[in-house]
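# Sequence and predicted model, in that order:
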Amino acid sequence: MAEFLRLPRMSDTMEEGVIASIAIKVGDTLNPGDLIGEVETDKAAMDWESDQEGVVLHIIAGEGDAIPVNGRFAILGEEGESYDDLLNSPESDGPEAAKKAEPSSDPTPSVAAAPAPPTPVAAKEAEVSNAVAPAPSNDSRVKSSPLARKLAEDLNVNINNVQGSGEDGRIVKRDIEAFASNAPTANKVFTATLEARDERVSMMRKTIAKRLSESKFTAPHFYLKISVDMRNAMAARNEIKASFDTKFSFNDLVIKACAMALRKHPNINASWMGDIIRYHADINIGMAVAVDEGLVVPVIKHADQLGLTEISAAARDFVGKARGRQLSSEEMQGNTFSISNLGMMGIEEFTAIVNPPDACILAVGAIKPELALEDGELVEKQMMKLTLSCDHRVVDGAVGAAFLSTLKGHLENPVSMLL
């Protein structure tokens, strides 16, 4: 009996998916475990494997179509089986139903028949065109040669504004050329060398927009900033690298320091749940990774129980998977605190939006040399600025400040993280 092949929920927050590619065609026999195609979810592009079997009788959606969770993608059944009644059933939704929609018999003229209002770009171009177009010239009242009038028209020059140098003030060719070469920018017409382009918003970008808008406009943010002297951290990094041939980044060090500080300040490792505040037992740190489609946040689980080399290995693995679009939904869930680092891009200081369900996110800037007095002497320090964004429903200023103080202590004295 014919049945629908429906889009499953592929992540805990998924509401719809975009069909990135289709690996089946009408007439194929589908078995459990067979690849149906690739679906772009709110978190990543993921392979869709079948848990049904049957012959593909009809494919409803195409590549690029967005389908809600449990929405219809295709029809499976026995070879040669009729599926028209099933396809046209009242529940039918999605692209195929839209194609089969009958035109309205209402004699009232369609609103769509009315001229569409100009787009913002078209309106702007019309405005510019009106601003730079020359005022209607009353050539019959202006003494000018035919060549001058033609040249004025070609150069978009209002001949009424030109002072003639010919006999009895007659405007000649050289007057138009002189006026055009000295004309202000407002009298010149500009032609765009590039065309505007529209690009479909990816599921990942839609989800980023939705989640961060909810966070920014629902959670009352406040920000705490602190500067950290990274000289000891830099020296320790160089010494470990030379002695043990072990590499780790400063971001790895920040993750380790945050994990230890969170253990001391559990009120930061929390989430607003409406009627309750949840203080998490585990310390799972999300690390923001930029990809072409936007931003993903893989999660380093139990970070407080991992050594620096283990954190470094996990971070490198996640970055590689993120850029190869290979992160699983499981690897992007369970965060209790997040870190966003733009220091490697030269950004000295910034503020980040809290990443739900976390109560806080740490923004990490670049390490920059600064001159400062130390014991009465002018020394060069290596300073890094940190900004903690907090959800004020969960975290108060004093709690956030105490956390930053502990974090600063770990980073300025890396040996404390060995204890």
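Ah, there it is.
# now the end-to-end length of stretch 41-55.
End-to-end distance for stretch 41-55, by C-alpha to C-alpha, to the nearest Å: 26 Å.
# Strands of the stretch 1-150 of the chain, residue ranges please.
Counting by DSSP state E, counting those that start in this stretch, residue ranges of the strands within the stretch 1-150 of the chain are 3-6, 16-22, 29-30, 35-40, 45-49, 54-59, 66-68, 72-77.
# can you list contacts of the second one?
Going back to what we said before, that points to strand 16-22. 7, 10, 36-41, 45, 59, 61-69, 71, 73, 202-203 (C-beta atoms under 8 Å, 6 or more residues apart in numbering). Any C-beta I mention is one placed from the backbone N, CA and C, and that applies to glycine too.
# And stretch 254-267, by the same measure?
268-269, 279-280, 283, 285, 287, 300, 303-304, 306, 308, 311, 315, 336-337, 339, 341, 362, 364, 394-395, 399, 402-403, 406-407, 410-411, 417.
# Which of the residues you listed fall within strands?
The members of those that map onto strands under DSSP state E are 279, 285, 287, 300, 337, 339, 341, 362, 364.
# which one of those residues sits closest to residue 84?
residue 287 (51.2 Å; C-beta to C-beta).
# any low-confidence regions in the protein?
Low-confidence segments of the chain (pLDDT under 70): 91-141, 183-193, 419.
# per-domain residue ranges of it.
What automatic domain parsing lists as the domains of the chain is 3-100, 120-187, 204-418.
# need these in CSV with mean neighbour count, can you?
As requested, those are exported to CSV (neighbours: other C-beta atoms under 10 Å):
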stretch, mean neighbour count
domain 3-100, 16
domain 120-187, 14
domain 204-418, 17
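# all helices of the protein, in order?
84-87, 95-100, 120-132, 146-154, 173-181, 203-218, 231-244, 250-264, 308-323, 397-412 (DSSP state H).
# could you dump the fifth one to PDB, C-alpha only?
Included here for helix 173-181 are C-alpha records, laid out as PDB according to Å, rounded to 0.1, in the frame of the first residue of the first chain:
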ATOM      1  CA  LYS A 173      30.800  73.300 -28.300                       C
ATOM      2  CA  ARG A 174      33.700  74.500 -26.100                       C
ATOM      3  CA  ASP A 175      31.300  76.000 -23.500                       C
ATOM      4  CA  ILE A 176      29.500  72.600 -23.100                       C
ATOM      5  CA  GLU A 177      32.800  70.800 -22.700                       C
ATOM      6  CA  ALA A 178      34.100  73.300 -20.200                       C
ATOM      7  CA  PHE A 179      30.900  73.100 -18.200                       C
ATOM      8  CA  ALA A 180      30.800  69.300 -18.200                       C
ATOM      9  CA  SER A 181      34.400  69.000 -17.100                       C
END
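# So what touches that helix?
145, 147-148, 151-152, 155, 157, 159, 161-166.
# now swap in the fourth one and tell me
Among residues not part of helix 146-154, those counted as contacts by C-beta under 8 Å, 6+ apart are 137, 139, 144, 157-159, 162, 171-173, 175-177.
# do the shortest one as well
Helix 84-87 is contacted from outside by 2, 3, 4, 58, 60, 75, 96, using C-beta under 8 Å, 6+ apart.
# What sits closest to residue 315 if chain neighbours are left out?
residue 252 (5.8 Å; C-beta to C-beta, 6 or more residues apart in numbering).
# Roughly how far does that neighbour sit from residue 313?
9 Å (C-beta to C-beta, to the nearest Å).
# picking up where we left off before, quick one: the contacts of helix 173-181 as TSV, columns for distance to residue 84 too.
Formatted as TSV, the contacts of helix 173-181 follow (distance: C-beta to C-beta, whole Å):
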residue	distance to residue 84
145	76
147	73
148	74
151	69
152	68
155	66
157	67
159	70
161	71
162	74
163	79
164	80
165	82
166	82
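# Out of those, which comes closest to residue 330?
The nearest one, if we look at the contacts of helix 173-181 relative to residue 330 and count by C-beta to C-beta, is residue 155, at 66.6 Å.
# Excluding chain neighbours, give the residue nearest to the closest one in space.
Counting by C-beta to C-beta, 6+ apart, residue 155 lies nearest to residue 180, which is 4.6 Å off, once chain neighbours are set aside.
# now swap in residue 27 and tell me
residue 56 (6.4 Å).
# isn't that neighbour right up against residue 31?
No. Judged on C-beta atoms under 8 Å, residue 56 makes no contact with residue 31 at a distance of 11.4 Å.
# And the residue most central in space within the chain, how far from residue 288?
Central residue of the chain (C-alpha atoms, centre = their mean): residue 294, 3.5 Å from the mean position. From residue 294 across to residue 288, the span is 10 Å (C-beta to C-beta).
# about what we covered before: for residue 198, which of the domains of the chain is the nearest?
That would be domain 120-187 among these, by C-beta to C-beta, at 10.3 Å.
# ok, residue 383 touching residue 233?
No. Between residue 383 and residue 233 there is no contact, the gap being 11.5 Å when judged by C-beta under 8 Å.
# what is the residue lying closest to residue 70 once chain neighbours are set aside paired to in the beta sheet?
Closest residue in space to residue 70, ignoring its immediate chain neighbours: residue 6 at 5.1 Å, by C-beta to C-beta, 6+ apart. Beta-bridge pairing for residue 6 (DSSP bridges): residue 72.
# Residue 6 contacts residue 71, doesn't it?
Yes. Using C-beta under 8 Å, residue 6 makes contact with residue 71 at a distance of 6.4 Å.
# Next, give phi and psi for residue 268.
phi -80, psi -30 (degrees, to the nearest 10).
# quick one, what contacts it?
261, 262, 337, 359, 360, 395, 399, 400, 403.
# I appreciate the help and will end here.
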